[in-house]
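Enquirer: Kindly generate the corresponding structure for this input.
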Amino acid sequence: MPSFDFSSEVDMVALKNAIDLTGKRIIGRYDFKGTSAKVELGDKDSIITLFADSDFQLNQIKDILFPVMEDKEPDSTKRLDAQTIQKISGDKVKQELKIKIGIESELAKKIVKLLKDSKLKVQVAIQGDAVRVTGAKRDVLQDAIALVKKSITDFPIKHGNYRD
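Expert: All right, here's what the predicted structure looks like:
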């Protein structure tokens with residue numbers, strides 16, 4: 001029986017490119033000259049850290065970063081979880097943006113419920129941070145993909161790992 005998985009992985013190469021491009025744009029901007037404004041990516045913990053001299057500059061950095069991320073990978077900003085702004089030495093501030101990797105259990109349950117309520121003839125199983133969908137025909141699986149893509153727009157979900 002044909003099957004596929006719904007998953008949500010981060011394209012780390014595109015993310016690193018977006019961070020590097022944002023860093024170059026910050027260096028090139030006149031209003032950031034002589035400031036401590038910068039963007040860093042923690043590879044191990046998947047956290048983007050923004051450093052700035054004020055809350056206003058922090059928002060300007062986000063205004064640079066988010067469109068670049070969207071250009072590199074569509075819907076990538078939807079997976080960011082913004083933490084509270086922290087004051088560090090003096091007037092300087094920093095903010096961490098955690099990157100959500102994989103489908104969380106609440107979203108996985110929502111996908112399962114959506115497919116069960118749709119009366120499509122598919123079997124759905126949660127497997128770790130992915131959701132496996134199995135059906136008798138490819139057409140039914142394509143209908144399931146279309147339904148989930150249309151219904152869940154607040155988090156980037158990809159389909160892949162097709163098996164016949």
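Enquirer: What confidence value was assigned to the most centrally placed residue in the chain?
Expert: Residue closest to the mean C-alpha point of the chain, counted by C-alpha atoms, centre = their mean, is Arg79 at 2.7 Å. If you check Arg79, the pLDDT there is 88.
Enquirer: OK, contacts around it?
Expert: Arg79 sits next to 8, 10, 99-101, 155-156 when contact means C-beta atoms under 8 Å, 6 or more residues apart in numbering. Placement of C-beta: from N, CA and C, glycine included.
Enquirer: Among these, name the buried ones.
Expert: Neighbour counting with 16 or more other C-beta atoms under 10 Å marks 8, 10, 99-100, 156 as buried within the contacts of Arg79.
Enquirer: need those residues in TSV with secondary structure, can you?
Expert: Shown next, in TSV, are the buried ones among the contacts of Arg79 (DSSP: H, G, I helix; E, B strand; the rest coil):
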residue	secondary structure
Ser8	coil
Val10	coil
Ile99	strand
Lys100	coil
Pro156	coil
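Enquirer: export these to a markdown table and tack on distance to Ile111 and pLDDT?
Expert: Below are the buried ones among the contacts of Arg79 laid out as a markdown table (distance: C-beta to C-beta, whole Å; pLDDT from 0 to 100):
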| residue | distance to Ile111 | pLDDT |
| --- | --- | --- |
| Ser8 | 11 | 86 |
| Val10 | 19 | 85 |
| Ile99 | 20 | 90 |
| Lys100 | 15 | 87 |
| Pro156 | 13 | 87 |
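Enquirer: Which parts of this structure are helices?
Expert: 12-28, 55-72, 105-117, 138-151 (DSSP state H).
Enquirer: who wins for proximity to Ser36 among the ones you listed?
Expert: When the helices of the chain are compared by C-beta to C-beta, helix 55-72 sits nearest Ser36, at 9.1 Å.
Enquirer: Between helix 12-28 and that closest one, find me the angle.
Expert: For helix 55-72 against helix 12-28, the angle by axes from the mean of the first three to the mean of the last three C-alpha atoms, to 10 degrees is 140 degrees.
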